[in-house]
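J.: sharing a sequence plus its predicted fold:
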Amino acid sequence: MTTGTTKFSFNRIFLALDNVLINTNWQSKLIIQTTVPLYKWRYKKILHYSSLTPNQLISLIKKSDKIIVHGGFGTINLISKYGRSMPFIVARLKQFNEHVNNHQAEYLRFLRNKLPVDYQKYIFITGELEYSFKKFILEKDPKTILKNRMFNNQKRTELMLKLENYLSAYEDTIDS
């Protein structure tokens with residue numbers, strides 16, 4: 001799991017995942033990269049990093065069976081290049097003091113609409129996070145489609161242009 005390098009906590013995601021890991025008797029090790037480790041985990045098979053070099057992060061991504069990430073574009077792009085399975089992506093939300101605005105939710109809505117219906121469940125913006133984690137943790141690892149669908153070189157350029165336009169329009173609605 002990587003929650004980025006922002007100063008904001010992400011206890012909502014930690015609590016939901018902790019409950020699922022405890023209640024399902026999960027036995028695998030959980031590796032977490034977060035700069036704000038305020039949450040007190042009940043699940044004990046945890047290796048925590050406050051920061052990782054790009055090569056360390058890539059190495060962990062390549063080895064991981066399940067990946068849970070925040071909705072940052074850079075992290076999702078990295079996972080799409082090196083991940084073996086479809087990640088579970090959670091937006092940091094302003095209403096929970098997880099970020100300064102809801103740009104991750106806006107980006108994830110955009111991304112979710114570009115995915116086939118059966119892959120949209122891996123993009124989480126609102127709803128019952130614990131239930132969604134449980135389904136994700138217990139299912140067989142789905143192959144990732146992000147690399148082919150969203151992040152090949154041509155589509156990356158197209159996506160970046162569309163995303164810039166989308167975010168500009170979103171910022172205009174906030175400013176007015």
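T.: Cool, the structure landed.
J.: tell me which residues of stretch 121-129 are tucked away?
T.: Buried residues in stretch 121-129, counted by 16 or more other Cβ atoms under 10 Å: 121, 122, 123, 124, 125, 129. (Glycine included, C-beta is placed from N, CA and C.)
J.: looking at those residues, spot the one nearest residue 30.
T.: Using Cβ to Cβ, residue 129 is the member of the buried residues of stretch 121-129 that sits closest to residue 30, with 16.0 Å.
J.: if the residue lying closest to residue 13 once chain neighbours are set aside is in a bridge, with which residues?
T.: Nearest non-adjacent residue to residue 13, counting by Cβ to Cβ, 6 or more residues apart in numbering: residue 90, 5.4 Å away. Residue 90 forms beta bridges with residue 70, residue 124, as assigned by DSSP bridges.
J.: contacting residues around the residue nearest to the spatial centre of the chain?
T.: The residue lying closest to the centre of the chain (Cα atoms, centre = their mean) is residue 69, at 2.4 Å. Going by Cβ atoms under 8 Å, 6 or more residues apart in numbering, residue 69 touches 1, 2, 3, 75, 76, 79, 87, 88, 89, 90.
J.: quick one: pLDDT of it?
T.: What the model reports for residue 69 is a pLDDT of 93.
J.: that one and residue 23: what is the separation?
T.: With distances taken as Cβ to Cβ, to the nearest Å, residue 69 is found 22 Å from residue 23.
J.: excluding chain neighbours, what is closest to residue 120?
T.: residue 112 (4.9 Å).
J.: and the strands in this protein?
T.: Applying DSSP state E to the chain gives strands spanning 30-33, 46-49, 68-70, 88-90, 123-124.
J.: chain neighbours aside, what residue packs nearest to residue 82?
T.: With sequence-adjacent residues excluded and distances taken as Cβ to Cβ, 6+ apart, residue 82 is closest to residue 61, at 4.4 Å.
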